[in-house]
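[1] predicted structure and sequence below. I'll ask about it afterward.
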Amino acid sequence: MKLLDGKALAQKMQTELAQQVQALQAQNRRPPGLAVLMVGDNPASAAYVRNKERACTAVGIASFGKHFSTETTQEELAQTIEALNQDDRVDGILVQLPLSDHLDSVALLNQIDPDKDADGLHPFNLGRLVRGEPGLRSCTPAGVMRLLQEYQIDCKGKQAVVIGRSILVGKPIALMLLEADATVTIAHSRSHDLTAIAQSADILIAAVGRQNLVTAEMVKPGAVVIDVGINRVTDATGKSRLVGDVDFDAVQQVAGYLTPVPGGVGAMTVTMLLHNTVWSYSQKF
């Protein structure tokens, strides 16, 4: 079994992005800019935002982050997004989810200029993906595809099974696999006999958010298994750790390739966000 090391690939890509930013900035004077909007004090969200800002600094992207109180209104956030849409220093805008219940996240995401949609979630960019046109791609699925490419895993003609149908991961990764000439099945909570469906997969992607959902009996020997799930579990001593949707210890005995959690897909997500920001910047000059 071979580990698909997302952490190592992310570091390699960030080094390449830093070189690309230096070269582009030499021609165009200003650095690329990313604005991350965060509402409230969710500890997980705060940690993600800190990671993103550190990564921006490492590759030479200017941060225009804004932190709002939990009581912030829809109108205030909408005005901020509109101002960032008009700001020539900003190439990427991201709204850190989840938002407070009183806020309409879909309306806010839809208000972002599609060409500054660093998370690749605007309907316009999802439409570009469906049509196979160039555009900003959803970060986590794009990270999965980049990981497969790095390890020279050819999707052409392969049976790919995606467990999960979210707009964040499941649906876009299915479209990306289809674009790479895989034969794609999407399984979900209403699918009958999930084990049999999963066993047909040459490439199995788990993106549900349920610990140990994928067991060894569900994996075809030698299959590529990509674990997108992130679940925080607490052991008997009160210590917490991150695990994925795949029973790693058991599945590694069967799979040909497997992503770890942490250190797999999660590490790629932030890097693809930086990649999207630099791509958006490069389109302007």
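    Cool, got the structure.
[2] could you use CA atoms for every contact and neighbour count after this?
    OK.
[3] give me phi/psi at residue 5?
    Dihedral angles phi and psi of residue 5 (degrees, to the nearest 10) take the values phi -90, psi 90.
[4] ok, the nearest residue in space to it that is not next to it in sequence - contacts?
    Nearest residue to residue 5 in three dimensions, chain neighbours excluded: residue 264, at 5.6 Å (Cα to Cα, 6 or more residues apart in numbering). Neighbour list for residue 264: 4, 5, 6, 7, 227 [criterion: Cα atoms under 8 Å, 6 or more residues apart in numbering].
[5] could you dump those to CSV with neighbour count, secondary structure and pLDDT?
    What follows is the contacts of residue 264, written out as CSV (neighbours: other Cα atoms under 10 Å; DSSP: H, G, I helix; E, B strand; the rest coil; pLDDT from 0 to 100):
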residue, neighbour count, secondary structure, pLDDT
4, 22, coil, 98
5, 21, coil, 98
6, 26, helix, 97
7, 18, helix, 96
227, 28, strand, 98
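[6] hang on, residue 157 in a helix?
    No. Judged by DSSP: H, G, I helix; E, B strand; the rest coil, residue 157 forms no part of a helix; its state is coil.
[7] distance check, it against residue 142.
    Distance, residue 157 to residue 142, using Cα to Cα, to the nearest Å: 19 Å.
[8] please apply the same query to residue 215.
    Counting by Cα to Cα, the gap from residue 215 to residue 142 is 25 Å.
[9] quick one, which of the two is more surrounded?
    Neighbour comparison, residue 215 and residue 142: the larger count goes to residue 142, with 23 against 17 (by other Cα atoms under 10 Å).
[10] contacting residues around the more buried one?
    Neighbours of residue 142 in contact, by Cα under 8 Å, 6+ apart: 173, 176, 272.
[11] would you agree it falls within a helix?
    Yes. Assigned with three-state DSSP, residue 142 falls within a helix.
[12] mind listing what residue 56 touches?
    Residues in contact with residue 56, defined by Cα under 8 Å, 6+ apart, are 34, 62, 63, 274.
[13] buried stuff in whichever helix or strand it is part of?
    For residue 56, the host element (DSSP states H and E) is helix 43-59. For helix 43-59, a neighbour-count test (16 or more other Cα atoms under 10 Å) marks 45, 46, 49, 52, 53, 55, 56, 59 as buried.
[14] for stretch 63-75, same thing?
    Quick answer for stretch 63-75 (16+ other Cα under 10 Å): 63, 64, 65, 70.
[15] including distance to residue 81 and pLDDT, could those go into TSV?
    TSV is the format used below for these (distance: Cα to Cα, whole Å; pLDDT from 0 to 100):
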residue	distance to residue 81	pLDDT
63	15	94
64	12	92
65	12	88
70	17	92
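[16] next step: those restricted to strands.
    Among the buried residues of stretch 63-75, the ones falling in strands (DSSP state E) are residue 63.
[17] make CSV out of the buried residues of stretch 63-75 and add distance to residue 19.
    Formatted as CSV, those follow (distance: Cα to Cα, whole Å):
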residue, distance to residue 19
63, 18
64, 21
65, 23
70, 38
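[18] closest to residue 84 out of the buried residues of stretch 63-75?
    residue 64 (9.1 Å; Cα to Cα).
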